[in-house]
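# sequence and predicted structure below; questions after.
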Amino acid sequence: LKAAAIGKEITKVPSAPEASKNYGFDGLAKESEGYIIALNHEQKMNADWKWFLNAGMNSNKLQRNIIGASSNFVIINDKGDVSNNLMSTQTVTKNYYAQLGINGNIKTGAVNHDLTLAFDKAWHSIEGAKNMYNNGSMGSVSGNIYSGLQGNNVWYPSIETGLSSKDQYWGISLADTVKYKKAQLLLGVHKHNASVDSYNKITGRVTQTVGSDALCPTYGFVYQPDEHTSLYASHSENFDKGTIVASKYANAGEVLNPAKTKQNEIGFKYANAGFLTSLGIFNIKQANNIEVYKGSTYLQQDGEQEYQGIELSVNGKLADKWNFMGGLMYLDATQNKTQNGTNDGKTVNGAAKWNAVAVLEYNPDEKFSIVGRAMYTGKADIYNEQLQTPSYMTYDLGVNYKTAFNKTPVTLTAMCYNLTDKNYWTAYGNNLILSSPRTLMLSATFDI
């Protein structure tokens, strides 16, 4: 239990507690089961054309989930005291997806076209608890983030589920990648249609229906003036059929308005002497879905979020047996077009302005590699710049060893995350996520 919300009496973000401490309590429980099935197939028709099929389904049943209301524990003061009612719910989700298309190459003189035409459809349904228990009727959690939490009067209710929402979308997409000498042009469009129904879980009646459609273009251009340099620009749009508010919010089941996400990017890449350097400038606009506390927590759509930034990355060989990868990103994330302009120009909650990563790899021989990584996350504003989470730096260290089991190539990995056992908060919207403690992970990858 490491997700925390901030109460109204907080004047500053409390320092992060010990991440290795067990913040569970007697009565805390979560149990779920599910399955995933996927099918992907390509079939050549001739040397230039093929057809493809992608399909899948998944189902998940959350059978028991006893947690703090709104899936958090609430820090109520600067001392780190915690108080929250408990919530118990069940959800059943089902998803189905199918896509059928063709892909082929056509040459018109010196110009080469890579064409793709595809049809797709998806179905999604959610069953929610008919009798979700909240408001302390099944217990509460109290305590302090530094000394521990305890559950009070916790009991396990019997919960029935009913249909909460049903949605489906279908569309057609056409893309053409055009290559001519040193230039490459991508032209694409996807026509979306969507229908979202929200249901009364007890009566089974439809309470809200939202139908929408959108035309989403995608285009990009790449030019290579020489063998070392590439210049590029791109634009893409993504369609959101309408967000269905999750069960943890007081307005659960409500369908927020459909919206588009638009992204533009320009940049260059330069490769020489074993190093690849990339620099990109981007702009992203999307719907501003925010949490609003009005006695209970609601999810509402209020204006838009705009992300503008610049990202630099460098990777390559420093010397014999030594490789390096590094990245630096500056992000200016602001809220626009908010109701009555109340939060216009304020930072998007949880968005850090600076992020950086540096990775150094040493290969003493063909079988061994030693990897060290440092990651930096800058300060992040929450609650519309009223509070701020501190910046933090973490370090990881790992070893890879290549071998074989019965002639099957295997890579064995030992990785230590958060090497210095740093305690820190990560901002997620207006919520806080406590860091994971020093963690050792062992894994094996089989190349079959």
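Received it, and whenever you're ready, just let me know what you need. Residues are numbered from 1 along each chain as shown.
# contacts, neighbours, all on C-alpha from now
OK.
# in the chain, which strand is the longest?
strand 297-319 (DSSP state E).
# could you list the buried residues of that one?
Buried positions in strand 297-319, judged by neighbour count with 16 or more other C-alpha atoms under 10 Å: 298-317.
# mind listing what Val245 touches?
By C-alpha atoms under 8 Å, 6 or more residues apart in numbering, the contact list for Val245 reads Asn251, Ala252, Gly253, Glu254, Val255, Leu256, Leu299.
# so which of those residues sits lowest on pLDDT?
Lowest in pLDDT among these is Gly253, which has 71.
# how many residues are close by the residue lying closest to Met57 once chain neighbours are set aside?
Leaving aside its chain neighbours, Met57 sits nearest to Tyr96 (4.4 Å; criterion: C-alpha to C-alpha, 6 or more residues apart in numbering). Burial of Tyr96 is recorded as 17 neighbouring residues (other C-alpha atoms under 10 Å).
# so Tyr96 sits against Leu39, correct?
No. The criterion here is C-alpha atoms under 8 Å, and Tyr96 misses it with Leu39 at 11.6 Å.
# how far does the longest strand of the chain sit from its chain's centre?
Centroid separation for strand 297-319 versus its chain: 12 Å, with C-alpha atoms, centre = their mean, to the nearest Å.
# neighbouring strands - and their directions - for it?
Strand 297-319 pairs in its sheet with strand 275-293 (antiparallel), strand 322-336 (antiparallel), by DSSP bridges.
# ok, now how distant is Ser59 from Asn95?
6 Å (C-alpha to C-alpha, to the nearest Å).
# now swap in Val399 and tell me
Counting by C-alpha to C-alpha, the gap between Val399 and Asn95 amounts to 39 Å.
# look up how far Lys262 lies from the closest residue to Pro217 other than its chain neighbours.
Excluding the flanking residues, the one nearest Pro217 by C-alpha to C-alpha, 6+ apart is Val189, at 4.3 Å. Here the criterion is C-alpha to C-alpha. By it, Val189 lies 13 Å from Lys262.
# same question, Glu9
Glu9 is 38 Å from Lys262, by C-alpha to C-alpha.
# before we move on, what about Lys407?
49 Å.
# ok, those two, which is more surrounded?
Neighbours were counted for Lys407 and for Lys262 using other C-alpha under 10 Å; Lys262 has more, 19 against 8.
# touching, the more buried one and Ala287? I think so.
No. Judged on C-alpha under 8 Å, Lys262 makes no contact with Ala287 at a distance of 10.0 Å.
# residues that sit against both of the two, list them.
By C-alpha under 8 Å, 6+ apart, no residue touches both Lys262 and Ala287.
# next one, pLDDT for Asp226 please.
Per-residue confidence (pLDDT) for Asp226: 95.
# next one: Lys8
With respect to pLDDT, Lys8 scores 82.
# mind checking how far the nearest residue in space to Ser70 that is not next to it in sequence is from Val92?
Sequence neighbours aside, Lys248 is the residue nearest to Ser70 in space, at 4.4 Å (criterion: C-alpha to C-alpha, 6+ apart). Between Lys248 and Val92 the computed distance is 14 Å (C-alpha to C-alpha).
# the more surrounded of those two?
Set Lys248 next to Val92 and count neighbours by other C-alpha under 10 Å: Val92 wins out with 21 against 18.
# and the pLDDT at that one?
92.
# pairing partners for the helix or strand containing Lys269, with directions?
Here Lys269 sits within strand 259-272, counting by DSSP states H and E. Taking DSSP bridges as the criterion, strand 259-272 forms sheet pairs with strand 229-240 (antiparallel), strand 275-293 (antiparallel).
# the ones you listed: lowest mean pLDDT?
Here the lowest mean pLDDT among those goes to strand 275-293, at a mean of 90.
# dump it to PDB, restricted to CA.
Listed next in PDB are the C-alpha coordinates belonging to strand 275-293 (Å, rounded to 0.1, in the frame of the first residue of the first chain):
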ATOM      1  CA  PHE A 275      28.100   7.500 -31.700                       C
ATOM      2  CA  LEU A 276      24.500   8.400 -32.400                       C
ATOM      3  CA  THR A 277      23.200  11.800 -31.200                       C
ATOM      4  CA  SER A 278      19.500  12.800 -31.400                       C
ATOM      5  CA  LEU A 279      17.800  16.100 -30.600                       C
ATOM      6  CA  GLY A 280      14.100  16.500 -30.800                       C
ATOM      7  CA  ILE A 281      11.600  19.300 -30.000                       C
ATOM      8  CA  PHE A 282       8.000  18.200 -29.400                       C
ATOM      9  CA  ASN A 283       4.600  19.600 -28.600                       C
ATOM     10  CA  ILE A 284       1.700  17.500 -27.300                       C
ATOM     11  CA  LYS A 285      -1.900  18.600 -26.500                       C
ATOM     12  CA  GLN A 286      -4.500  16.400 -24.800                       C
ATOM     13  CA  ALA A 287      -7.600  16.600 -22.700                       C
ATOM     14  CA  ASN A 288      -7.000  17.700 -19.100                       C
ATOM     15  CA  ASN A 289      -8.700  15.000 -17.000                       C
ATOM     16  CA  ILE A 290      -8.100  16.000 -13.400                       C
ATOM     17  CA  GLU A 291      -9.100  14.900  -9.900                       C
ATOM     18  CA  VAL A 292     -11.300  17.300  -8.000                       C
ATOM     19  CA  TYR A 293     -12.100  16.900  -4.300                       C
END
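# what are the contacting residues of stretch 166-181?
Taking C-alpha under 8 Å, 6+ apart as the rule, stretch 166-181 contacts 110-126, 184-199, 241.
# with only the CA atoms kept, save that stretch in CSV.
Output in CSV follows, covering the C-alpha atoms of stretch 166-181 (Å, rounded to 0.1, in the frame of the first residue of the first chain):
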residue,chain,number,x,y,z
LYS,A,166,-19.9,-1.2,-22.6
ASP,A,167,-18.1,0.4,-25.5
GLN,A,168,-16.9,-0.5,-28.9
TYR,A,169,-15.0,1.2,-31.7
TRP,A,170,-14.3,0.4,-35.3
GLY,A,171,-12.3,2.1,-38.0
ILE,A,172,-10.3,2.0,-41.2
SER,A,173,-6.7,3.1,-41.7
LEU,A,174,-4.7,3.8,-44.8
ALA,A,175,-0.9,4.5,-44.8
ASP,A,176,1.6,5.1,-47.5
THR,A,177,5.4,5.4,-46.9
VAL,A,178,6.9,7.1,-50.0
LYS,A,179,10.7,6.8,-50.6
TYR,A,180,12.5,8.9,-53.1
LYS,A,181,16.3,9.2,-53.2
